[in-house]
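> Dropping the sequence and predicted coords here.
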Amino acid sequence: MPELPEVERARAAIESAALGRRIDEVDDTDTWVCRPHAPGEIADALRGRELTSAHRRGKSMWCETSGLERSRTPGPSLGIHLGMSGRMVITQPGGQPTEGGDRLAGPYANALDDPRRNPVWDRFTLTFADGGSLALFDKRRLGRVRTDPDLSHLGPDAQRVDRPEFVRRLSRSAAPVKARLLDQSVIAGVGNLLADETLWQAKLSPRRPADELTRAELNRLYRSLQKSTEAAGEHGGVHTGEIIGFRKTGRHCPRCGTEMTVATVGGRTTWWCPQEQR
DNA sequence: AACAATGTTCAGTC
DNA sequence: GGACTGAACATTGT
């Protein structure tokens, strides 16, 4: 589920509901999600501190932490990646649900509302001194939590990169344009659904070699990326994109009526309109 | 039961 | 080094 817009919502939820609360207990016993940490390592590093800020670059988040007691020296940063199915679940003192939170479109906009929510899917939990908590809720366990994450391999954030930089980086290789959009070291934050939505909006074939795109096409792609990312953020997730519901056999392009094509591009299942996307 | 899945990473190959 | 494929990761949903 999470691509840039969902991760930004999760970051904003942490910022508005989890900062400044003292960390009492930490459940870091899922050694897969917390690799390469040993159980208790993250707990020992964070106990007694507070989250002081929440940041995001692409799909990666990290929080800065306070020093212990009166110490000026800050603690380690806490890196959180939602993987393919992760959500943030933040509760208030006494375990009350957080209003707003990482609210998404769909029946269970707040993960806490999901009647099938099972505590075993909380893969990492901070318990605050006030009785509330912050948890990584992740059925598939592809999310990841660690301290002081290395983000040096990430390109600039897709929503903050300026047009000249975007054009320069994207067109630097002959790989299919969709593969370039998905490459987190080129631009960070675009996932499979957002890439298909963006290419459809820009009327570009996902297979086009990136270095053969004209200046006008690259500009169009940049505008489409900004537009679809912003729309997904406002509407509650990338699955609210205009073309996302048409990722099925037998569906037709809502603009021109041509049957949608499916193939693997850039290693991912890709749907596009063969008529309009050239 | 088989297969695909919104993400990342690594090994192997050309 | 770059690009591509396939697999792996762990689990759920169809």
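All right, it came through fine. Numbering: from 1, shown residues only, chains lettered A, B, ... in the order given.
> use CA for all of it now, contacts and neighbours both
Noted.
> I'd say A:Gly75 and A:Gly67 touch.
Yes - in this structure, A:Gly75 is within contact of A:Gly67 by CA atoms under 8 Å, at 5.3 Å.
> any shared contact partners between the two?
Both A:Gly75 and A:Gly67 are contacted by A:Arg49, under the criterion CA atoms under 8 Å, 6 or more residues apart in numbering.
> So those two - more neighbours on which side?
Taking other CA atoms under 10 Å, A:Gly75 and A:Gly67 do not tie; A:Gly75 has more neighbours (19 against 16).
> burial count for the single nearest residue of the stretch 101-250 of chain A relative to DNA strand B?
Here the stretch 101-250 of chain A gets closest to DNA strand B at one residue, A:Gly191, 2.9 Å apart by CA to the nearest atom of the strand. Residues near A:Gly191, counting by other CA under 10 Å, number 22.
> And for A:Arg140?
By other CA under 10 Å, neighbour count at A:Arg140 equals 12.
> residues contacting the residue lying closest to it once chain neighbours are set aside?
Leaving aside its sequence neighbours, A:Arg140 sits nearest to A:Ser85 (CA to CA, 6 or more residues apart in numbering; 6.2 Å). Neighbouring residues of A:Ser85 by CA under 8 Å, 6+ apart: A:1-2, A:138-143.
> Then A:Val262?
A:269-272.
> Including pLDDT, neighbour count and distance to A:Ile90, could the residues you listed go into CSV?
Formatted as CSV, the contacts of A:Val262 follow (pLDDT from 0 to 100; neighbours: other CA atoms under 10 Å; distance: CA to CA, whole Å):
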residue, pLDDT, neighbour count, distance to A:Ile90
A:Thr269, 91, 13, 33
A:Thr270, 92, 20, 34
A:Trp271, 93, 26, 35
A:Trp272, 93, 27, 37
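> Need those in CSV (columns: distance to A:Val7 and secondary structure).
Below are those laid out as CSV (distance: CA to CA, whole Å; DSSP: H, G, I helix; E, B strand; the rest coil):
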residue, distance to A:Val7, secondary structure
A:Thr269, 22, strand
A:Thr270, 22, strand
A:Trp271, 23, strand
A:Trp272, 25, strand
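> just curious, which of those residues is nearest to A:Thr198?
Closest to A:Thr198 out of the contacts of A:Val262 is A:Trp272 (10.5 Å), distances taken as CA to CA.
> how much distance is there from stretch A:227-238 to the middle of the chain?
Distance of stretch A:227-238 from its chain centroid, counting by CA atoms, centre = their mean, to the nearest Å, is 12 Å.
> avg pLDDT for it?
Mean pLDDT, computed over stretch A:227-238, is 92.
> how about the strands of the stretch 101-250 of chain A, start to end?
Under the criterion DSSP state E, counting those that start in this stretch, the stretch 101-250 of chain A contains strands at A:122-128, A:133-138, A:144-147.
> closest to DNA strand C out of the ones you listed?
strand A:133-138 (8.3 Å).
> Output the closest one as PDB, restricted to C-alpha atoms.
Output in PDB follows, covering the C-alpha atoms of strand A:133-138 (Å, rounded to 0.1, in the frame of the first residue of the first chain):
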ATOM      1  CA  SER A 133       1.500   3.900  22.000                       C
ATOM      2  CA  LEU A 134       2.900   4.100  18.500                       C
ATOM      3  CA  ALA A 135       3.000   0.800  16.500                       C
ATOM      4  CA  LEU A 136       4.100  -0.400  13.100                       C
ATOM      5  CA  PHE A 137       1.100  -2.500  12.100                       C
ATOM      6  CA  ASP A 138       2.300  -4.700   9.200                       C
END
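> Neighbouring strands - and their directions - for it?
strand A:86-91 (antiparallel), strand A:122-128 (antiparallel) (DSSP bridges).
> From A:Gly40, how far off is A:Val89?
With the distance defined as CA to CA, to the nearest Å, A:Val89 ends up 21 Å from A:Gly40.
> Could you report the neighbour count for the closest residue in space to A:Gly189 that isn't next to it in sequence?
Closest residue to A:Gly189 apart from its sequence neighbours, by CA to CA, 6+ apart: A:Gly58 at 3.5 Å. A:Gly58 has 25 neighbours, counted by other CA under 10 Å.
> quick one: A:Gly58 from DNA strand B, how far?
7 Å (CA to the nearest atom of the strand, to the nearest Å).
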